[in-house]
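A.B. asks: below: sequence and its predicted model.
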Amino acid sequence: MPGTSEELAPRIRGPRAYLIFVLIGLVAGLLSGLFGVGGGTVIVPLLVLLLSFDQRLAAGTSLAAIVPTASVGVISYAASGAVAWIPAIILAAGAVIGAQVGTRLLPRISQSALRWGFVGFLVVVIVSLFLVIPSRAAEFELGWLNGAGLALVGVLTGIIAGLIGVGGGVIVVPVLMLVFGTSDLEAKGTSLLMMIPTAISGTIGNLRHRNVDLLAAGLIGVAACTTTALGAWLATLIDPFLGNMLFAAYLVVIAVQMAIKAIRSRRSRG
């Protein structure tokens with residue numbers, strides 16, 4: 001069966017491949033720490049583009065690499081008290097459940113419609129980031145109402161991740177800032193903590209289906225760990241407004257990626 005890690009390994013080994021794994025990890029780690037995202041939006045396309053990875057293998061490898069990357073990010077943000085621990089656990093529990101729902105719905109829903117819908121969501125978020133600037137002094141106060149809201153966000157995030165393979169940070173960080181009123185730093189630290197159990201759960205499933213290149217994931221993850229703390233440190237130095245603008249630029253790149261995928265899939269069907 002094509003696409004397994006064993007069959008693809010011979011053409012993604014060697015000095016050039018190892019160097020690319022490390023470079024991808026360095027970039028992904030910096031963005032992960034800076035924006036509170038997993039880095040999959042960088043890892044997956046670069047593995048496919050530069051090393052001809054199968055899409056599923058690239059996604060599985062990326063998810064495995066996120067585990068150490070997010071762990072270092074959480075430690076970095078926790079050092080400055082910018083992690084909401086219980087909200088992150090609620091989000092993660094919802095996301096794990098949602099991911100299972102998403103993968104079950106995958107064969108029944110149009111990928112093109114989903115991608116365009118997600119592009120629309122990102123456009124709304126990008127505009128909102130120019131209008132709502134989070135306060136660094138804001139803290140998340142957990143109650144029954146917003147706790148239920150977090151669980152719902154977690155489930156929806158998991159469903160979207162299962163359907164179109166977008167990591168949770170792209171959704172959770174802006175929602176925590178814009179809807180729940182958390183500071184930008186707390187939103188990023190909480191997002192990274194939420195990703196860890198979600199990524200572990202997904203990686204276990206991917207390992208069963210041989211959709212993980214463990215050597216590549218290890219090299220990317222270790223390289224990413226060296227720059228994640230740097231990204232988190234830079235996030236504390238950047239003014240919240242500038243942080244919003246940089247995050248908006250990052251979301252524009254993701255929206256363009258998603259739109260290109262939607263257009264290509266439409267053309268291939270036509």
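C.D. replies: That came through, no problem. Bear in mind that the values here come from a model prediction, so they are computed numbers and not experimental data.
A.B. asks: counting contacts, what elements does the host helix or strand of Leu49 pack onto?
C.D. replies: Assigned by DSSP states H and E, Leu49 belongs to helix 40-51. With contacts defined as 3 or more Cβ pairs under 8 Å, 6 or more residues apart in numbering; DSSP states H and E, helix 40-51 has these neighbours: helix 15-35, helix 55-79, helix 240-269. All C-beta spots, glycine's among them, are computed from the backbone N, C-alpha and C.
A.B. asks: state the mean pLDDT of the longest one.
C.D. replies: Translated: helix 240-269. Helix 240-269 shows a mean pLDDT of 80.
A.B. asks: OK, contacts around the nearest residue to Ala28 once chain neighbours are set aside?
C.D. replies: Leaving aside its sequence neighbours, Ala28 sits nearest to Gly39 (Cβ to Cβ, 6 or more residues apart in numbering; 3.2 Å). By Cβ atoms under 8 Å, 6 or more residues apart in numbering, the residues touching Gly39 are Val27, Ala28, Gly29, Leu31, Ser32, Ser62, Ala65, Ile66, Thr69, Gly167, Ala224.
A.B. asks: identify the farthest-apart pair in those residues.
C.D. replies: Val27 and Gly167 (15.0 Å; Cβ to Cβ).
A.B. asks: between those two, who's got more neighbours?
C.D. replies: Gly167 (27 against 17; other Cβ atoms under 10 Å).
A.B. asks: can I get the helix or strand hosting Ala223 as PDB, trimmed to CA atoms?
C.D. replies: Using DSSP H and E, Ala223 sits in helix 214-237. Presented in PDB, the C-alpha positions along helix 214-237 are these (Å, rounded to 0.1, in the frame of the first residue of the first chain):
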ATOM      1  CA  LEU A 214       9.600   8.800  13.400                       C
ATOM      2  CA  LEU A 215      13.200   9.800  12.400                       C
ATOM      3  CA  ALA A 216      11.900  12.900  10.600                       C
ATOM      4  CA  ALA A 217       9.500  13.700  13.500                       C
ATOM      5  CA  GLY A 218      12.400  13.400  16.000                       C
ATOM      6  CA  LEU A 219      14.800  15.600  14.000                       C
ATOM      7  CA  ILE A 220      12.100  18.200  13.400                       C
ATOM      8  CA  GLY A 221      10.900  18.100  17.000                       C
ATOM      9  CA  VAL A 222      14.400  18.400  18.500                       C
ATOM     10  CA  ALA A 223      15.300  21.300  16.200                       C
ATOM     11  CA  ALA A 224      12.000  23.000  16.900                       C
ATOM     12  CA  CYS A 225      12.700  22.800  20.700                       C
ATOM     13  CA  THR A 226      15.800  24.900  20.200                       C
ATOM     14  CA  THR A 227      13.800  27.900  18.800                       C
ATOM     15  CA  THR A 228      10.400  27.500  20.600                       C
ATOM     16  CA  ALA A 229      11.700  29.200  23.800                       C
ATOM     17  CA  LEU A 230      13.100  32.000  21.600                       C
ATOM     18  CA  GLY A 231       9.800  32.500  20.000                       C
ATOM     19  CA  ALA A 232       8.000  32.600  23.300                       C
ATOM     20  CA  TRP A 233      10.500  35.100  24.700                       C
ATOM     21  CA  LEU A 234      10.000  37.300  21.600                       C
ATOM     22  CA  ALA A 235       6.300  37.200  22.200                       C
ATOM     23  CA  THR A 236       6.700  38.800  25.600                       C
ATOM     24  CA  LEU A 237       8.800  41.600  24.200                       C
END
